[in-house]
Structure formats: structure tokens, C-alpha cells
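>>> Structure for the following, please:
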Amino acid sequence: MRFQQVKDLVHWAAGYHRRLAEQYTHLAGDDVGERVRMALEYLAEHERKQENDLIGYLEDSGDHRKVLETWFDDPIDFPHPPVLERLPNCIDCETVQSVLSTALTAQRTLQDLYSHRAELAGGDDERGFFEALAAGHEAEVRRIARDMQRLEDY
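Presented below is the predicted three-dimensional model:
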């Protein structure tokens, strides 16, 4: 669909976080090493938190309502969902580093998606909203990398 509302993208992203959390949880229940299981459980919890944060924006009737109702024209639809949709199906659970690699790819790709929307924003509020989401994902990349390194060092 060429025309979207910001809330459509936020809703899609929340669902993506949910699907990724479900995949991490499923993989943690498989026959994997203890550290890999701990990493997958950590990531599942992290993805659920991100989903809940985005749902909070959708349910908020205050500050973000105007931005969420904004329409945008994007003839290529969302630029990264096909890449993102393939990630949960190809998570390598051999090592903590391989799990981390997939998690960071997902976070950075979402960050790129938000940055892309900020660049194409039609107004300051929309630009600010997507810049804040992109900055939040940048912080999440650092946090995930730091926490997973601690797990690896444990």
C-alpha cells in the first residue's frame, strides 16, 4: 500500500517485536547451551519491552496522537520489512555471538527504517517522533551489545 499513516508503521513495528520475542522464546526452549538460552531469554524480554513501549504510543491519547494520525506517501512501502521478516527464521543459536549478531541486525535495520521516515517526514513533529525512535534504537544496540558481552564474559 502506497499511502500509510504513522500509526500503521508503529503497529507493524510492535508486531514485529512481538514475533521476534516469540521466536527467541521458542528457540530458548530448544536444545541450546546455557549461555545461548540465557541470551535468547534476555532478548525475548527485551523485545517484549520494546513492543509494549510502541503499544504505549498507540494507546496514548495525548502527545503523539497527531503524529500517529499523519499520512505519508512512500511508493516503496516500508523499506526494510522484507529483510526484517526473514531474520527470525534464520537465527543461528550456536553461540551467544551469533545470536547477538542477529539481534543487532534487527535493531539497526529498525533504526534505519525510523531514520528513513525522519528524513522523509512532512513536518517537525513527525520528524522528531521518528528521530526519537531511531535514537532509542541506537541506545538499544549499545545496551544489547554491552549486556550480551557481560553474558559472554560470565
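>>> after the least confident helix or strand in the chain by mean pLDDT comes which helix or strand?
Every helix and strand in the chain was compared by mean pLDDT, DSSP states H and E; the lowest is helix 81-86, with a mean of 58. Moving toward the C-terminus from helix 81-86, the next helix or strand (DSSP states H and E) is helix 96-119.
>>> Name the residues of the helix or strand that that next one is followed by that come out as buried.
Per DSSP H and E, the first helix or strand lying C-terminal to helix 96-119 is helix 124-153. Using 16 or more other Cβ atoms under 10 Å as the test for burial, helix 124-153 gives 126-127, 129-131, 133-134, 136-137, 140-141, 144, 148, 151. Placement of C-beta: from N, CA and C, glycine included.
>>> With pLDDT as extra columns, can I get those in CSV?
Listed next are these as CSV, based on pLDDT from 0 to 100:
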residue, pLDDT
126, 92
127, 94
129, 94
130, 94
131, 96
133, 94
134, 95
136, 92
137, 89
140, 89
141, 90
144, 93
148, 88
151, 79
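>>> State the distance from residue 53 to residue 94.
30 Å (Cβ to Cβ, to the nearest Å).
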